[in-house]
Every structure is written in C-alpha cells, then in structure tokens.
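# Build me a model from this:
(2 chains)
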There are 2 protein chains.
Amino acid sequence: MGANSSDGKPAVVLLSGGLDSATVGAIARMQGFALHALTIDYGQRHRFELPAAARVAGALGVVQQQVLPIDLASLGGSALTADIAVPQGRTAAEMAEGIPVTYVPARNTIMLSLALGYAEVVAAEDIFLGVNAVDYSGYPDCRPEFIQAFERLANVATKAAVEGTARFRIHAPLIQLTKAQIIARGTELGVDYGLTHTCYAPSPAGISCGTCDACQLRQQGFAAAGQSDPLEYQQQA
Amino acid sequence: MGANSSDGKPAVVLLSGGLDSATVGAIARMQGFALHALTIDYGQRHRFELPAAARVAGALGVVQQQVLPIDLASLGGSALTADIAVPQGRTAAEMAEGIPVTYVPARNTIMLSLALGYAEVVAAEDIFLGVNAVDYSGYPDCRPEFIQAFERLANVATKAAVEGTARFRIHAPLIQLTKAQIIARGTELGVDYGLTHTCYAPSPAGISCGTCDACQLRQQGFAAAGQSDPLEYQQQA
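I've put the predicted structure just below:
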C-alpha cells in the first residue's frame, strides 16, 4: 500500500488485525484521511490479531497506532474472552440462528467509546470501523441503527461537539457488504490479506483452524470473490 | 450502612470512590437493588479514589466489586490523567467558564459502555452513575441529554435488549441536585463520607489539598448542607 498518509484530515480507525478492519483502513486512506489506528487488546483469545494489527498499520502508513489494553475478559460473558468453547464446523443455517456465543457484551459500544476519546485527543471528527450487518447479522452492535445511535451520542457527549468545533461522523463502509464484496473492494485497494488474522481458535503457532465461524465466512468470501486466500489453514472448511 | 443487599434485582453502580457515587450507591441500595459495583481504574492521578471505592463498596454491602483497569492516560488529553497542571484556588466564576482541563475525553461514554457490558454479564437492566449537571455544568457528558442518548444507544446495542429480555435504564439520580442537596440526601441515607475521596491533587500521603475545584465544591457543599466534612485538608479553601 505504500507511503505515509499523514498530510490529510485526521481520522481514527479501529484496527483489529482482521480482514474487515484492514479493508476499512484502506478505504479511509483512499479517502485522503491521515490515519490514527486504535487497536483494543481486550483479552481476546485469538491473540494473533494483535501482531496482525501492527502489520496492517504499517502497511497502511498510519500516523500512529495506539494499542490500548482493557481486560474485558474480567467481565466475562463471551466465548471470545472467557472459558466458553468456540463453536466449530457449524452450517450456515446454524450460524444464522440467534446471537452467537462469540458475542462480547457491549463490545462495539466500548470500542467506539474509546475511539471517540482518542478522536477528541487527536482532533479527529471521523471514526471508521469495520462492522458488518450481513455476515454478522446476529450481533446487535453491527447494525446500522446501532451506528446511528452512537453517532447521535458522540455529538452530545463530547467537548468538541458541544463547543461546536467538531461534528463526529461514524463511518461503517462495510456494513451492507457481503464478505465477498469486502474482499473484492480491498483487493482493488491493494490490501494484502496475508497480513491479517481472522480465526477465533488458531493453533499455538497461530495457524487458522479453518472450521470456526470466522474461518468459514472468510474462506467462503474469498471463494465467492474469485480470489485466493493467502492464509494457510489447518483444515479446509 | 450495614448488611448485604444481594437479594434484590441486580443493578450496576459505577463506583469511583468519590462523594457522588457513594451517594448514588446508597440510593440504589435504598431502592432495593442488589449492587454490582464497577470501579474503573483509568489512570487517574488521584489514585486515592481506588481504595476509597473499595471502602465504600464494603459499606454498601455490594454483591461484588469489579475493578477494571484501563489506561486512558495513554490516550492523553486531560489534566486528570496526563501531565497537565490541575488548577488550584479558582473562583466560582472561573470554574463556571467553559469546559475545564480536568475533562477526560469521552470519559462517561467509556464508563457507561463498560457498565453496560458488565450489566449484560450480571443480567442487570439498571445502571446507576453519579453524574451531576449543576456543579459540573462544564462537562458535556454530565448533562441529561447525554444520559438519554446513552440509554437509547444501550437499547439498540445489546443482545439482551434486541432479544427483548432486557430494557436498560440509566439512572443519574444526582443530575439536577446541588452538592449540598447530594450531601443532605446521602447523610439521610447514612453514607459515611469519611470513606470517600474527592481531591484531584492530594499529598503523597493522600491528604486532600483543599484548593482544587473538586475540594472547593465539596467544602462549599458541606457548608451549604450544614454538615461537617469528616475529611481533613492541607488547607481550607
């Protein structure tokens, strides 16, 4: 992707190290923003996201990447942080049923709140995140009405908005895209998906399982986009 | 305050260790809730709040107190976390002017988000916090419109609300009270304000300065309520 993008208007990008947020970073950059990447280390079991986030931040040429640890695992309640098994080998019908156990309580609310604080500090009005309402239809905080409610909140919650010096905008450019469309868009923008990490249950060496919901959605997305996934898997779905 | 209150409906109380949140905890308890206290260790310079929060939680007889560290100081931007001087000896007119440097970017948004996640985990629908729009009129996230916007957000953001098993309510019972009214209410409810900590700039031994905005508002509040403040001060305002 190349050179540093520090000469645009500042924007905060929530960068997890996954495929979606890498694509969102590339979109924000293409729009001319100077990127301030915020990576939340929330005690996720898929720790390989964190080095992936650093690799993606480097490739995006961000102004800075801030890694903020917060121990959401101590609050409990999710297979992604607590001692609850990550589901494996589920069919599309099973995945579509209700809200999955990998839901982290109030995750996107917490992450957007932190992004909002960071945006105030770096004088950014624009916050980008890679939520998606199509493949993650079970997550309440991946829906357009959630994004709209947060944007309204941001504009009453902050010094900059109240003083009239900022008008916050929450950008979720992937929200209505399928995984295949996301991959196609990122590929156009030159995203190297080999830098990203997606799996909820990787091997100790960081090799993706290939069978958890996230791996399955990723592999199906690459297939539907007619692209080959640069990652290796323990098992093909 | 006395016995354990674990037999009511669960509620989350944001407990900082200050005078306001101690009063809010007593109000929630009086309403019959079983209290789950959440204390955010956000890198505040007034670290003496943290042991104060534990003392207050004990006196309230909470079901549990969760202390969640999050390094908001790493985001920068406030005299309460960063290397910016805490103002001393300001007049009421100076305090009323604009948003103070002690404003922490998006603080109450972040804290309420964390409380919301915790509420989902402990199956609470009620969240109490001690924001106040009278003495802290300069803070955008202490206003009723902020609380309303967050409540709307909570009810689109969460699994429980979307599944129809919960309807979140954000309680800010002090929001329209003066400091004197807060102290009078807490005194009626048996709050021991000697357990609390208020000062933004205490001595290394934890003795309150008596001259920062927070100490001044506290002392004026006790005087106006006709109560004596059990804390000692380095200097009377």
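# C-terminal to the longest strand along chain A, what's the next element?
The longest strand of chain A (DSSP state E) is strand A:34-41. Note on strand A:34-41: by DSSP states H and E, the next helix or strand toward the C-terminus is helix A:49-60.
# So which elements touch that following helix?
helix A:19-30, strand A:34-41, strand A:64-69 (3 or more CB pairs under 8 Å, 6 or more residues apart in numbering or on different chains; DSSP states H and E). For the C-beta atoms, the positions are set from N, CA and C on the backbone; glycine is no exception.
# which residues in chain A form helices?
A:19-30, A:49-60, A:92-95, A:107-121, A:144-157, A:159-162, A:179-188, A:213-225 (DSSP state H).
# can you list contacts of the second one?
So the one you mean is helix A:49-60. With CB atoms under 8 Å, 6 or more residues apart in numbering or on different chains as the test, helix A:49-60 has contacts from A:1, A:5, A:13, A:15-18, A:21-22, A:25-26, A:29, A:35, A:37, A:39, A:41, A:65, A:67, A:191-192, A:195-197.
# rewinding a little: direction included, what does the longest strand of chain A pair against?
strand A:10-14 (parallel), strand A:64-69 (parallel) (DSSP bridges).
# got the angle for that strand vs helix A:107-121?
Angle, strand A:34-41 to helix A:107-121, by axes from the mean of the first three to the mean of the last three CA atoms, to 10 degrees: 140 degrees.
# what about chain A, any weak spots by pLDDT?
A:1-6, A:45, A:76-87, A:92-103, A:135-137, A:236-237 (pLDDT under 70).
# Ranking the strands paired with strand A:34-41 by mean neighbour count, which comes first?
strand A:10-14 (a mean of 25; mean count of other CB atoms under 10 Å in any protein chain shown).
# what distance separates it from the centre of its chain?
Taking CA atoms, centre = their mean, to the nearest Å, one finds the center of strand A:10-14 at 12 Å from the center of the full chain.
# same check, this time on stretch A:44-52
For stretch A:44-52 - counting by CA atoms, centre = their mean - the centre lies 12 Å from the chain centre.
# and what of stretch A:150-170?
Counting by CA atoms, centre = their mean, stretch A:150-170 is centred 22 Å from the centre of its parent chain.
# Repeat that for stretch A:212-222.
15 Å.
# residue closest to the middle of chain A?
residue A:21 (3.9 Å; CA atoms, centre = their mean).
# which residues are in contact with the longest strand of chain A?
The contact list for strand A:34-41 (CB under 8 Å, 6+ apart) reads A:5-17, A:25, A:28-29, A:50, A:53-54, A:57, A:60-70, A:110-111, A:114-115, A:118-119, A:122, A:124.
# Pull out the buried positions in it.
A:34-40 (16 or more other CB atoms under 10 Å in any protein chain shown).
# ok, now stretch A:205-213?
Buried-residue list, stretch A:205-213, by 16+ other CB under 10 Å: A:208-213.
# Tell me the one among those nearest to residue A:176.
Closest approach to residue A:176 among the buried residues of stretch A:205-213 (CB to CB): residue A:213, at 20.0 Å.
# wait, isn't that closest one in contact with residue A:200?
Yes: here residue A:213 reaches residue A:200: they are 7.0 Å apart, a contact under CB atoms under 8 Å.
# Can you give me the separation between residue A:106 and chain B?
Per CB to the nearest CB, to the nearest Å, residue A:106 is found 4 Å from chain B.
# tell me the contacts of that residue?
A:141, B:113-114, B:116-117, B:120, B:157-158.
# ranking the residues you listed by neighbours, who comes first?
The most neighbours of any of those, using other CB atoms under 10 Å in any protein chain shown, belong to residue B:157, which has 32 neighbours.
# so what's it up against?
By CB under 8 Å, 6+ apart, the neighbours of residue B:157 are A:106, A:108-109, A:140-141, A:146, A:149-150, B:116.
# Torsion angles phi and psi at the residue sitting furthest away from the middle of chain A?
The outermost residue of chain A relative to its centre, with distances by CA atoms, centre = their mean, is residue A:163 at 30.3 Å. Per-residue torsions, residue A:163: phi -80, psi -10 (degrees, to the nearest 10).
# from the buried residues of strand A:34-41, which is closest to chain B?
Nearest to chain B among the buried residues of strand A:34-41, counting by CB to the nearest CB, is residue A:38 at 8.6 Å.
# what sits opposite the closest one in the beta ladder?
Under the criterion used (DSSP bridges), residue A:38 bridges to residue A:14, residue A:66.
# Could you list the buried residues of stretch A:139-158?
Buried-residue list, stretch A:139-158, by 16+ other CB under 10 Å: A:139-143, A:146-147, A:149-158.
# if we can go back for a sec, would you quantify the distance from the residue nearest to the centre of chain A to residue B:12?
According to CB to CB, to the nearest Å, residue A:21 stands 29 Å off from residue B:12.
# mind checking how far residue A:89 is from residue A:16?
24 Å.
# quick one, which of the two is more surrounded?
Using other CB under 10 Å as the criterion, residue A:89 and residue A:16 rank with residue A:16 on top: 27 against 13.
# and the more buried one, what are its phi and psi?
With angles defined as degrees, to the nearest 10, residue A:16 sits at phi -90, psi -20.
# and the gap between the closest residue to it other than its chain neighbours and residue A:40?
Among residues not flanking residue A:16 along the chain, residue A:49 sits closest, at 5.6 Å (CB to CB, 6 or more residues apart in numbering or on different chains). Separation of residue A:49 from residue A:40 (CB to CB): 10 Å.
# Once you drop chain neighbours, what's closest to residue A:178?
Among residues not flanking residue A:178 along the chain, residue A:134 sits closest, at 5.2 Å (CB to CB, 6+ apart).
# Report the contact partners of that neighbour.
A:176-179.
# Could you do residue A:129 as well?
A:13-14, A:21, A:24, A:108, A:111-112, A:115, A:170-172.
# Next, give phi and psi for it.
Dihedral angles (degrees, to the nearest 10) for residue A:129: phi -150, psi 160.
# who's in contact with residue A:120?
By CB under 8 Å, 6+ apart, the neighbours of residue A:120 are A:158-160, A:166, B:77, B:105-106.
# Next: residue A:166.
Counted by CB under 8 Å, 6+ apart, residue A:166 has contacts A:120, A:123, A:125, A:158, A:160.
# one more time with 10 Å, if that's ok
Residues counted as contacts of residue A:166 (CB atoms under 10 Å, 6 or more residues apart in numbering or on different chains) are A:119-120, A:123-126, A:154-155, A:158-160.
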